[in-house]
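K.L.:
just the structure for this:
(2 chains)
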Amino acid sequence: MENKQYELNKGLAQMLKGGVIMDVTTPEQAKIAEAAGACAVMALERIPADIRAAGGVSRMSDPKMIKGIQEAVSIPVMAKCRIGHFVEAQILEAIEIDYIDESEVLSPADDVYHINKRDFKVPFVCGARDLGEALRRINEGASMIRTKGEPGTGDIVQAVRHMRKMNSEIAKLSSMREDELFEAAKVLQVPYELVRFVHDNKKLPVVNFAAGGVATPADAALMMQLGAEGVFVGSGIFKSGNPAKRANAIVKAVTNYQDAKLIAELSEDLGEAMVGINENEIKLIMEERGQ
Amino acid sequence: MKKIGVLAVQGAFIEHEKMLTDLGCSCTEIRKRSDLCSLDGLVLPGGESTVQGKLLQELELFEPLREIILSNTPVLATCAGLILLAKKLSNDPNVYFATLPVMVKRNAYGRQLGSFHCTAGFAGYRDVEMAFIRAPYIEVAEPVVEVLATVDEKIVAAKYRNQLGLSFHPELTDDTRVHEYFLSLSGS
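P.N.:
I've put the predicted structure just below:
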C-alpha cells in the first residue's frame, strides 16, 4: 500500500471525528440516519442485536443491499467483513465501499490471522479492547480503531472498560523512560515504532471511536468524555421506540458532550430505549473474537 | 495575538487549531451560540457538510455565523466548509450560507477510492501540498471570484472578498502556507 493512500485513509477518519456512525439495514433507514445527522452509515443485513438473537454464522452483507444504501445517501458508507476473510474485503473494495469494518460482530473466518489490510487501497476500521490489540490492527494496516464494547447488548460497560484500559495503557507508555519502550513493544507484541509514536504523542496514530452498547445520548457523551473521538451506534437506534429522534439526540450529544444541560434536554421524551442484555446474561461474547 | 474561531460541531477542527496555534494564533472552538465572541478570523473545517449544516441550524449558530461571514471577517473554509459557503451545489438541492458565488460539486472525485494527494500552485506559492478526501470542486466561479488554484483544470481554491474556499485539506499536511495566507487576510 502506498504511503500517501494510508495518510488519505487516516484523513477520512479524521473527517468523521465528532460524529456518529449508525448501523442501517435498508436504504430507508440510511436516509433517516443521514437526515438525523449521521456522519457515515454502516450497511449491514442484520444489526448486532438481531445477529445475537438469530445465532448461526453471520457473514458479509449482500453487495446489492450495500449498493442500495450507497445510492440512497451522500455520506460515507461502511460495511463489515468477517475477521480474516480477505475475499469479502476484496468484494467490498470492488463495490467501492468507503470504509471496511473487519468486525467481531460477524463470525470470524480465520481464528489466527487478521486481514493484511496493507494490501488494500480502501481503508479499514477494526475493534480493539486494549492498546496491544489496537496497535496490532494498526500494524496490519487499519486506519481507524474503535472499542469493541459488546455489540448488540445496549450495555455500555464493556465499551467503557475498553476505553479506560486503552487510555491507562497509553498514559503508562507515555510516562516510560525511552529505554523501557523496547520491553513494552515486546509485551504488547507490536513493533517498536508504533510504541514510540504513542510514547511521543500520548495518543494512537489513528482516530479512535467508541462502539458497542451505546444506546442513549448520555452513553454517547460518556464515551466522548472518556476520550473517544466519535461514536458508532449499532442496535441502539433502530431497536428503539423512535429511531429518528434518538439518532438526532445522540448526534447533538456527541457535539456538545460536556454540556449537561443540553444533554438533559436531548434525553427527554426519547421513547423506549432498546431493551438491552446485561453482561452476565449473554451467551455469545463477541469481544473475544480476534485478538 | 490573533483570535481565530474554529467551527467545532463535527469534523477535523483540531488539525486546524494545531496548525494555527503553531503559527501563533489563539483558537476558540465554536460548538454553540454562547461560544461566539469577537474574532479575527473564522475556520469552517472539513467533515460531513450534511451533519455540519444540520447542527448549525439546530444549535442556532447559522444566523450569527452568517453575519460574521458577511461582516468581512476572514474565513477559511476547507472541503465541507467550502460546501457550506457555496451559493449553489450542482448535485445537491441543499444550500447553507450561500455567501461565496460559486457552484460546487459534492463528492466530485467519487468515493474514498477516488481520494488523492498532490502538489499544485496556490495564490503564487509553488508546490503546495494538497490532500483531497471525498472532495468537492468548484464547477463554476462567478467572474467576481478570484481563482487561487486549479488541479486537472478543476478549480480547487477560490477567494471572494474575505472568503477563502478550498476543496482540499492543507491542515492534514505539514505545509503551513495556506494558513499563513489566510492569516495575512486576518485583521485587515
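
K.L.:
please count neighbours and contacts with C-alpha atoms only from this point.
P.N.:
Noted.

K.L.:
residues contacting the residue of the stretch 151-291 of chain A found nearest chain B?
P.N.:
Using C-alpha to the nearest C-alpha, A:Thr255 is the residue of the stretch 151-291 of chain A that sits closest to chain B, at 5.3 Å. Contacts for A:Thr255 (C-alpha atoms under 8 Å, 6 or more residues apart in numbering or on different chains) come out as A:18-19, B:8-10, B:31.

K.L.:
now do the phi/psi pair for it.
P.N.:
Main-chain torsions, A:Thr255, degrees, to the nearest 10: phi -70, psi -50.

K.L.:
rewinding a little: would you turn the contacts of A:Thr255 into CSV with distance to A:Arg52?
P.N.:
Formatted as CSV, the contacts of A:Thr255 follow (distance: C-alpha to C-alpha, whole Å):
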residue, distance to A:Arg52
A:Gly18, 29
A:Gly19, 26
B:Ala8, 37
B:Val9, 34
B:Gln10, 32
B:Arg31, 38
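
K.L.:
which ones among those are found in helices?
P.N.:
Among those, no member is found in helices (DSSP state H).

K.L.:
which of those sit farthest apart?
P.N.:
Between any two of the contacts of A:Thr255, the greatest separation by C-alpha to C-alpha is 13.0 Å, found for A:Gly19 and B:Arg31.

K.L.:
so the two - more neighbours on which side?
P.N.:
Counted by other C-alpha atoms under 10 Å in any protein chain shown, A:Gly19 and B:Arg31 do not tie: A:Gly19 has more neighbours, with 29 against 20.

K.L.:
can you give me the pLDDT of that one?
P.N.:
pLDDT recorded at A:Gly19 is 97.

K.L.:
got a list of what it touches?
P.N.:
By C-alpha under 8 Å, 6+ apart, the residues touching A:Gly19 are A:38-39, A:230-231, A:251, A:254-255, B:10-11.

K.L.:
same thing but at 7 Å, please
P.N.:
Neighbour list for A:Gly19: A:38-39, A:230-231, A:251, A:254, B:10 [criterion: C-alpha atoms under 7 Å, 6 or more residues apart in numbering or on different chains].

K.L.:
in stretch A:110-117, what counts as buried?
P.N.:
A:114-115, A:117 (16 or more other C-alpha atoms under 10 Å in any protein chain shown).

K.L.:
whoops, stretch A:44-57 was the one
P.N.:
With burial defined by 16+ other C-alpha under 10 Å, the residues of stretch A:44-57 counted as buried are A:44-49, A:51-52.

K.L.:
ok, now stretch B:144-156?
P.N.:
Of the residues in stretch B:144-156, B:145, B:147-150, B:155-156 count as buried by neighbour count, 16+ other C-alpha under 10 Å.

K.L.:
who's in contact with that stretch?
P.N.:
Stretch B:144-156 is contacted from outside by B:120-123, B:137-139, B:157-160, B:166-167, using C-alpha under 7 Å, 6+ apart.

K.L.:
highest neighbour count among those residues?
P.N.:
Neighbour counts for the contacts of stretch B:144-156, by other C-alpha under 10 Å, peak at B:Ser167, which reaches 32 neighbours.

K.L.:
contacting residues for that one?
P.N.:
B:Ser167 sits next to B:78-79, B:82, B:132, B:135-137, B:156-157 when contact means C-alpha under 7 Å, 6+ apart.

K.L.:
which of those fall within helices?
P.N.:
With DSSP H as the criterion, helices contain B:Leu82 from among the contacts of B:Ser167.

K.L.:
show me the strands in chain B, by range?
P.N.:
B:3-7, B:26-30, B:41-44, B:75-78, B:86-89, B:100-105, B:116-122, B:125-132, B:137-141, B:146-151, B:154-160, B:163-166 (DSSP state E).

K.L.:
tell me the SS of the residue nearest the centre of chain A?
P.N.:
Centroid-nearest residue in chain A, with C-alpha atoms, centre = their mean: A:Arg146, separated by 3.9 Å. Put simply, A:Arg146 is strand when judged by DSSP: H, G, I helix; E, B strand; the rest coil.

K.L.:
hang on, isn't it packed against A:Gly212?
P.N.:
No - using C-alpha atoms under 7 Å as the test, A:Arg146 is too far from A:Gly212 to be in contact (9.0 Å).

K.L.:
need the contact list for B:Ala80.
P.N.:
Taking C-alpha under 7 Å, 6+ apart as the test, what B:Ala80 contacts is B:45-49.

K.L.:
same thing but at 10 Å, please
P.N.:
Counting by C-alpha atoms under 10 Å, 6 or more residues apart in numbering or on different chains, B:Ala80 makes contact with A:15, B:11, B:44-53, B:106-107, B:134-136, B:165-168.

K.L.:
same question for A:Lys203.
P.N.:
A:166-167, A:170-171, A:173-174, A:197.

K.L.:
cool, and A:Asp219?
P.N.:
Residues counted as contacts of A:Asp219 (C-alpha under 10 Å, 6+ apart) are A:154-157, A:159-160, A:213, A:225, A:231, A:250, A:253-254.

K.L.:
will you turn those into a markdown table that also has secondary structure?
P.N.:
Converted to a markdown table, those look like this (three-state DSSP):
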| residue | secondary structure |
| --- | --- |
| A:Gly154 | coil |
| A:Asp155 | coil |
| A:Ile156 | coil |
| A:Val157 | helix |
| A:Ala159 | helix |
| A:Val160 | helix |
| A:Gly213 | coil |
| A:Gln225 | helix |
| A:Val231 | strand |
| A:Ile250 | helix |
| A:Ala253 | helix |
| A:Val254 | helix |
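
K.L.:
no further questions, thank you.
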